[in-house]
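Asks: here is a sequence together with a model predicted from it:
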Amino acid sequence: MATSRTQQNKLIGKDFLVPDVEAKVTGRAKYVEDFRMDGMVFCKTLTSPIPHAKIRSIDTSDAMKMPGVLGILTADDVPQFPPPAPGILAKDETFYVGEPILAIAADTEENAVAAIEAVKVDFQQLPHVVDPLESLFPGGPNARQGGNVAAGQIKLQTVKWEGVDFAAAGESKLPLGRPAEEWTYGDVDAGFKKAKVIVEENFVSATYSHNCMETRSTFAYWQGGKCFLYGSNQSHTAAIANVSRYIGIKPNQLVFIAEFCGGGFGSKIPGYPNMAIAALMSKKINRPVMHRISRYEEYGIGSARPGFQGYIKMGFAPNGRITAADLYIVQESGPMPTAGDFRAAGACMSLVYQPEAMRFRTVPVLTNTVPVGAQRGPGENQFVSVVEPMIDKAARQLNIDRFDIRILNAPDSSSKFGPDQGPVTSAFMKEALAKLRTLVNWDELKKKSGQKNGTKVTGIGIGQGYHSAGTNGFDGLVRITPDGKLHVHTGVGNLGTHSWASTARVAPDLLNVSWDNVVIERGDTRRGLPFNSPQAGSLTASTESRTMYAAAMDMKDKLTDIAAKMLGGKPEDYELGDEKVVRKGGGKSITYQQAAQKAIELGGKYSGKELPDELNPITKNAVAMIAGSGLIAAAKDKLPRVGTTPGLTCNVAELEIDTETGVVEIKQCMSVVDVGTVLFPLGLGHQIASGQVQGIGMARLERHLYDPKLGIPAAVGFHEGKVPTYLDIPPNMTWQAVEKPDPQHPLGIKGVGEPAMGSGASCITSAIADALGGHLFNRTPVSTDMIVNYLSGRPPAHKPLQVNTV
Amino acid sequence: MIVKDIMAPFDLYQPVQLKDAFSLLESFGTDAWKMAGGYDSMDWFKDRIMRPKAVIDLTGIAEMKGIKETADGVEIGALTTLTEIENSPIIKSKYRLLADAVSHVASPQIRNNGTLGGNVSQNARCLYYRYGLPCYRAGGTTCFADTPEGVTREHALFGADRCVAVSSSDGAPALTALDAKFVIRSSSGERVVGSDDFFVGPSVDITRLTSTKPEEILTTIRLPNSWAGKNFYFEKVTDRNTWDFPLVNVAAAISVEGGAIKDSRIVVGGVSATPHRLTQVEGIIQGKTLDEHVATLAGQSSTRDARPLNYNGFKIPLMASLVTRAVRNATA
């Protein structure tokens, strides 16, 4: 169906100045906390100081008498969701330090805080746990009174492993107790039997915060029975249903304004429970309410990537082919079943390394740490970060080149994937790795591996990344007004990746409209925004370029229809010229202005008065707002797509480790990506570079710290959370794309956001192991203290499966 | 209840003369808080752990600012910013050790406002103390870090006494190595102390890291000529390359004559509540020819008596390496 269009198109594949850049760099962009309104008041929440407790009673009598206090919101005032789903305000039981319990509104934020401090809560402390294995131990604490294991499709239950499981494993191995979920394909035992080399390791990946620069503040007020909500969110129209549910209203009662988002990384996909507090407080006290979330509060409710305690066994044939893999993941899930990383890790193993046979077992364990959720490459990225150095270990033992072993096992377009061994739409990872090998001049570069320069030793690492990167089935909406402007209506959120703008270029490209004549309608549901995919899962570039394609094709049909009506003949006698419809072979034409004016006169399907029934109600609602204002095309993407659309990336890193101090200096990172047709080169480059930066954070720095006895978090700020700084990233980062279009996408486009971080992280862990002669830490982050201990012959400070202690 | 990141109200005073600052300190007593660049103070205020009634912003006091040469060396006003010190031609030519050290403090933005006096007077960074727990240092009766499961990667190897917090200053080890004198004034006069008396460990006063009393102000830091232009070395190991406190840092001033070590002052930070001066190491290497053997000997002998906690054992080899590198690489 598709061929590469990058050469022939005018906008697709070309760089441009993203329209919101000036507002962002000059500070004119308005984020939630920038909004003000007459009569606006502030609210603050009281959060739990205890990791696990029963709330016996709450006494607000003194607080309500404090100056300026206007109202209080408790669990009784907000919609309830059946446990263990996350709630808005804790009702009877609190599960982590930082969990919101009630909110108080006052004329000033200072008065609201003073009132919060006057509230008396009678807590009955309950046993708490921050280490999943401790909870699985016979008699170990449960994070919830109702149980210690839950996830999507795994109901809340209590799982305790056998004492003999722990005794047999000792402290350095993961006990392989009863899983909550498992799957197998192929003959795993036979696969291991025919292996020449077996790599068998236990590992830990740290839980750590999403560290969004903009905290999840919310501003809300009510008018005419509608809730006007200003939120910081990655997605826009994809969040409407969920946000409405949290507030307890119908989707068409919500006016959702989300023009800018200062970072989400997966923590702000479909909205979040906290958004309801400002909305419901506003309704209760009949005042506009600003609910600013402080940095400390953000570390409580702002989500975190779940950590793993894992076991992996891989068998390798003499040529390096992976004959079998056995993976067990215990996930630190926080107190609510809000992350499916464990499943994604299993699927990642099956796709990226294509083991001939595989068994996957898992148990997601609830803990009294902060709630977790999807973070850029959820599951895949923490998994590849610990596995890539193990692939190197096998290559070393088999005396195979590290690129060769990866290319041999890499997926192609015929590869299968996951427990069901379903198809992929395309996979060009072998080509990506081959291109990377050329880009980095591998035969020369690999000679640097282990080379000493004074006290420093060089390490060269290879990393791979994967995430599904495209779906379908959403609605496109474009409109030409009588002034000749093409209005691209998009429900894509502005999560910072530029995809809202790059996907908006598809329709003008296909309709031959100059970029200067495009108006992007976005950021505020009053502008008429269609139902689009969430800005998550590396979906947007691929998915929303499809919906734009669908809308553009609908627009093209309507334009030629109108031309035929106005000038005679049949629609197929016409084609699109530069912002006009022209008779094929020359002759009469109409301008887009004329077509738009005519559409208003014609009404019906041309002006948005009649719509296909298949459109989502959110899209229908959006079209109703603009109907009659021009020529309107609204269409659902019904183009075929069978299988998973994978985004695949690979990176090489060169670094030096000072063997006296453990200090790691990353010298350069290079990347090649399989993202199909390149939609926006500059934006793609930003995604690759940012993935490398965030990957450095995962591989080296970012952490959760919990005192296990007290259950209190210590990494509650940008300093303690150790996000990478400008000086931690290499001066030299380059990239290339494979540029093979995905055949199941009309323009060949796939996404990239998440895998870029996975390969960015795993090339660093691979390079560190390489510099140290193949030593595996089997843990992320690989912090300086761990390297120092290893280099000086000291035992690690952490037990192999200990968590939250970096 | 825990509410953080919003300051409790206080009255702000901005004296422009020292005598007015002293009278404010006297009149408010323990309700007063002295603030310089504010980077330590604001954290305490925003966390609502410290709630002074009166904050006395010292940054308007001109006589506490600037660098000047004297007959005995150099005087640095306590309010001189770290950026000014980093860029000062006098400091760079005579006391490069200090310029090096302060150039590693936090980040450029923080160094632009952070002061030398504030850097050496900053409070302990122990995560439990900073969380607001009632530990010994906060006036309580226990230590939450030094427990069987305590998270102690950043804590002390030496000098623990109920409290295991460390000095996290980069300026303090450099000033100690340069044999700096600290001028402390109050309405009743002036006293001048060396590092030994300026920095205090928990066995002396568990609630403070310096000997500056509430009614006193550190006004000036004097660097004597005796160590000007000697061989210097500063290195700081951190998790990140900017905006991080030291896991361990080292500052060394070494006087070398004819290839032999005539005298030295070697100081390690991040390993005890005070800058940890290695007088025994200095004694061992005195008079010896400066070579790799002596450098290694210095490192090996530096960590004697270290008492690691759960997670900070790595500081022992790291400290030894840094001391070795200091002796090996100190240059004029």
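Replies: That came in fine, so what should we check first?
Asks: which parts of the stretch 501-650 of chain A are helices?
Replies: Applying DSSP state H, counting those that start in this stretch to the stretch 501-650 of chain A gives helices spanning A:506-511, A:540-567, A:592-602, A:617-626.
Asks: what's the last one in contact with?
Replies: Just to be clear, that refers to helix A:617-626. A:237, A:240-241, A:251-252, A:475, A:477, A:479, A:487, A:489, A:491, A:525-531, A:608, A:611, A:615, A:632, A:634 (C-beta atoms under 8 Å, 6 or more residues apart in numbering or on different chains). The way it works is simple: take the backbone N, C-alpha and C, and place the C-beta from them, glycine included.
Asks: of the residues you listed, buried ones?
Replies: A:237, A:240-241, A:251, A:475, A:477, A:479, A:487, A:489, A:491, A:525, A:527-531, A:608, A:611, A:615, A:632, A:634 (16 or more other C-beta atoms under 10 Å in any protein chain shown).
Asks: in contact with residue B:165, which residues?
Replies: By C-beta under 8 Å, 6+ apart, residue B:165 lies in contact with B:124, B:125, B:126, B:129, B:137, B:145, B:155, B:156, B:202, B:273.
Asks: need those residues in a markdown table with pLDDT and distance to residue A:318, can you?
Replies: Shown next, in a markdown table, are the contacts of residue B:165 (pLDDT from 0 to 100; distance: C-beta to C-beta, whole Å):
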| residue | pLDDT | distance to residue A:318 |
| --- | --- | --- |
| B:124 | 97 | 58 |
| B:125 | 96 | 54 |
| B:126 | 96 | 54 |
| B:129 | 97 | 57 |
| B:137 | 98 | 61 |
| B:145 | 97 | 52 |
| B:155 | 98 | 50 |
| B:156 | 98 | 53 |
| B:202 | 98 | 61 |
| B:273 | 98 | 59 |
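Asks: now intersect those residues with the helices, please.
Replies: residue B:129 (DSSP state H).
Asks: and of the contacts of residue B:165, the nearest to residue A:589?
Replies: Closest approach between the contacts of residue B:165 and residue A:589, by C-beta to C-beta: residue B:125, at 72.8 Å.
Asks: might one say that the closest one is in contact with residue B:156?
Replies: No. Contact status for residue B:125 versus residue B:156: not in contact, 11.5 Å apart, counting by C-beta atoms under 8 Å.
Asks: overlap in contacts, these two.
Replies: Jointly contacting residue B:125 and residue B:156 under the rule C-beta under 8 Å, 6+ apart are B:165, B:166.
Asks: these two - which one has more neighbours?
Replies: Using other C-beta atoms under 10 Å in any protein chain shown as the criterion, residue B:125 and residue B:156 rank with residue B:156 on top: 31 against 20.
Asks: quick one: contacts for the more buried one?
Replies: Going by C-beta under 8 Å, 6+ apart, residue B:156 touches B:164, B:165, B:166, B:271, B:272, B:273, B:309, B:312.
Asks: one more pass at 10 Å, please.
Replies: By C-beta atoms under 10 Å, 6 or more residues apart in numbering or on different chains, the contact set of residue B:156 is B:124, B:126, B:145-146, B:163-167, B:201-202, B:270-274, B:276, B:306-309, B:312, B:315.
Asks: which of those are buried, as a PyMOL select command?
Replies: Of those, the buried ones can be selected in PyMOL as follows, counting by 16+ other C-beta under 10 Å:
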select buried, chain B and resi 124+126+145+146+163+164+165+166+167+201+202+270+271+272+273+274+276+306+308+309+312+315
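Asks: so which of the contacts of residue B:156 belong to strands?
Replies: In this view, the contacts of residue B:156 that belong to strands under DSSP state E are residue B:276.
Asks: give me the nearest residue to the residue of the stretch 51-200 of chain B found nearest chain A, chain neighbours excluded.
Replies: Closest approach between the stretch 51-200 of chain B and chain A, counting by C-beta to the nearest C-beta: residue B:127, at 4.3 Å. Excluding the flanking residues, the one nearest residue B:127 by C-beta to C-beta, 6 or more residues apart in numbering or on different chains is residue A:714, at 4.3 Å.
Asks: what's the answer for residue B:69, then?
Replies: Nearest-residue entry for residue B:69: residue B:90, 6.0 Å, with adjacent residues in sequence omitted and distances by C-beta to C-beta, 6+ apart.
Asks: for the one you found, what are its contacts?
Replies: If a contact means C-beta under 10 Å, 6+ apart, then residue B:90 has B:67, B:68, B:69, B:73, B:74, B:76, B:99, B:223, B:228 as its contacts.
Asks: for whichever strand or helix holds it, buried residues please.
Replies: Taking DSSP states H and E as the criterion, residue B:90 maps to helix B:89-94. Of the residues in helix B:89-94, B:90, B:91, B:94 count as buried by neighbour count, 16+ other C-beta under 10 Å.
Asks: what of stretch A:494-513?
Replies: By neighbour count on 16+ other C-beta under 10 Å, the buried set for stretch A:494-513 is A:494-513.
Asks: now do stretch A:208-225
Replies: Neighbour count says stretch A:208-225 has A:208-212, A:214-222 buried, by 16+ other C-beta under 10 Å.
Asks: what's the local residue count around the residue nearest to residue A:60 when sequence neighbours are not counted?
Replies: Closest residue to residue A:60 apart from its sequence neighbours, by C-beta to C-beta, 6+ apart: residue A:119 at 5.3 Å. By other C-beta under 10 Å, the residues close to residue A:119 number 20.
Asks: wait, residue A:119 sits on residue A:101?
Replies: Yes. Using C-beta atoms under 10 Å, residue A:119 is in contact with residue A:101, at 8.6 Å.
Asks: dump the residue contacts of the residue nearest to residue A:341 when sequence neighbours are not counted.
Replies: Among residues not flanking residue A:341 along the chain, residue A:379 sits closest, at 3.5 Å (C-beta to C-beta, 6+ apart). By C-beta under 10 Å, 6+ apart, the contact list for residue A:379 reads A:205, A:305-306, A:308, A:329, A:331, A:339-349, A:467, A:758.
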